[in-house]
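**Student:** I would like the atomic coordinates for the input below:
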Amino acid sequence: MKRIKEVIKQKAKEYHARRIYGERQVKHFLLVTFVLIQLGLFVEFGYYSTIGHLGQSIAFEIFKVHVIKLGVILGYAYLIDLLVSFIVGTNPHTVKEGIFFPLKRPTFLFSTLLILMFSLDAPISVFCMAIMVMTIFSQNTKKGHTFYHLHPALIGYFIGVLGIKMTNYNLGLTELPPMLSAPYMVVTNALHPLSFDGFISEYYSLQTVIFGIFEGSLCFTLIIPLLLSALFLVKRQVIDYKVSFLYLGVYGLVSILLGVIFQQPNWLTILFLLNGSVLITGIFILPDIVVLDRHLMFKYAYIIICGIFSALLSYFIHFIFAPYLVVMLVQLVTLGFDFIKKVIYRKQLLIA
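**Tutor:** All right, here's what the predicted structure looks like:
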């Protein structure tokens, strides 16, 4: 009996430690993503300022609109999370808890992640629908905000993609918006592929792409800041460096091998490596302690599989969507195996 009590006490300590670590991770992720969004706004301002003699005036108007949209999106995220928390019984009980409410829950974080995965050019209605679904998927009546099998940001992303495509279809637009495209996709377009000279005339140089001086989603225009953010999070021991570096390393290695096998020029391989979706996945999605906790038995196999297939599907299927799709599918497969194991275990108990 004493041994059982010790085991229960140890498990309770481990759960409490994971919960504290999870809340700390949410706070650091939220800080980093918010700083990245602010930086992205200034990068956008710098890009639009270079367009024509009215560039600065246009850039300032776009900057104002995006700041207002950011406030509306985050305000909506706060309210919808508060509403759902009242429904499931995890609502704050004091004014102080209400003020710091977003810092301990993931909805605010998932909203800032979604902005990085798209950009503030996306319609507010798309963000609102995605945030509502993410909030629902990140709730659990027994364990509060610390329980979800599939990463809600991935679910929100694909709902957002569907919403953007439906909006464009209703407006009669056939081309992909810049937030769903990237320099590599433009260069390798099957209908109008670009040579290196064509790439230079479109984007000026590789350095321009590396420093994000082009129109696109924030995660693609903030490649260097994202890498610096990864180092900061590793230094603060908020993410497992083995997880992030292994995933990014596997993606990079497979990308280089694909470039060698298919005889791509070096500049095209570099463009392929500059994948913002991969950085978001490696820095924020895979190291998320809530989901990672469910893959501890085969953590490195999980990371390597995600890295390999992210590169392969980015090359053969879709450069931007592939990393998110791969992780979501692997998490779904894991969830399926867990369900089957539980069914078998229950049948064995009934037989016994």
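**Student:** doesn't residue 274 make contact with residue 252?
**Tutor:** No: if you go by CB atoms under 8 Å, residue 252 and residue 274 don't touch, sitting 10.9 Å apart. Where you see a C-beta, it was placed from the backbone N, CA and C, and this is true even at glycine.
**Student:** who touches stretch 158-171?
**Tutor:** Contacts with stretch 158-171, where a contact means CB atoms under 8 Å, 6 or more residues apart in numbering, come from 114, 117-118, 122-123, 125-127, 129-130, 133, 174, 177, 179-180, 321, 324-325, 328.
**Student:** how about stretch 32-46?
**Tutor:** Contact with stretch 32-46 is made by 59-60, 62-63, 66-67, 70, 109, 112-113, 115-116, 119-120, 212-213, 218, 221-222, 225-226, 229, 232-233, 284, as judged by CB under 8 Å, 6+ apart.
**Student:** go again with 7 Å.
**Tutor:** 59, 62-63, 66-67, 70, 109, 112-113, 115-116, 212-213, 218, 221-222, 225-226, 229, 232-233 (CB atoms under 7 Å, 6 or more residues apart in numbering).
**Student:** just the buried residues from the residues you listed, in PyMOL please.
**Tutor:** This is how PyMOL selects the buried members of the contacts of stretch 32-46, with burial counted by 16 or more other CB atoms under 10 Å:
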select buried, resi 59+62+63+66+70+109+112+113+115+116+212+213+218+221+222+225+226+229+233
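**Student:** now residue 320, what's its secondary structure?
**Tutor:** Per DSSP: H, G, I helix; E, B strand; the rest coil, the local secondary structure of residue 320 is coil.
**Student:** next up, phi/psi of it, please.
**Tutor:** Residue 320 has phi and psi values of phi -90, psi -50 when expressed as degrees, to the nearest 10.
**Student:** take the contacts of stretch 158-171 and keep only those in helices.
**Tutor:** Using DSSP state H, the members of these that fall in helices are 114, 117, 125-127, 129-130, 133, 324-325, 328.
**Student:** quick one: buried ones out of these?
**Tutor:** For those, buried by 16+ other CB under 10 Å: 114, 117, 126-127, 129-130, 133, 324-325, 328.
**Student:** so for these, which is the shakiest by pLDDT?
**Tutor:** On pLDDT alone, residue 133 ranks lowest of those, at 91.
**Student:** quick one, strands of the protein?
**Tutor:** Remark: no strands are assigned in the chain by DSSP state E.
**Student:** how far away from the center of its chain is the helix or strand of it with the lowest mean pLDDT?
**Tutor:** Ranked by mean pLDDT, DSSP states H and E, the helix or strand of the chain with the weakest confidence is helix 95-99, at a mean of 74. Averaging C-alpha positions (CA atoms, centre = their mean, to the nearest Å) puts helix 95-99 28 Å from its chain's average.
**Student:** alpha carbons of it, as CSV, please.
**Tutor:** Output of helix 95-99 as CSV, limited to C-alpha atoms (Å, rounded to 0.1, in the frame of the first residue of the first chain):
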residue,chain,number,x,y,z
VAL,A,95,-9.9,40.0,-11.9
LYS,A,96,-6.1,39.3,-11.7
GLU,A,97,-6.7,35.8,-13.2
GLY,A,98,-8.8,37.4,-15.9
ILE,A,99,-6.1,39.9,-16.8
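**Student:** appreciated, that's everything.
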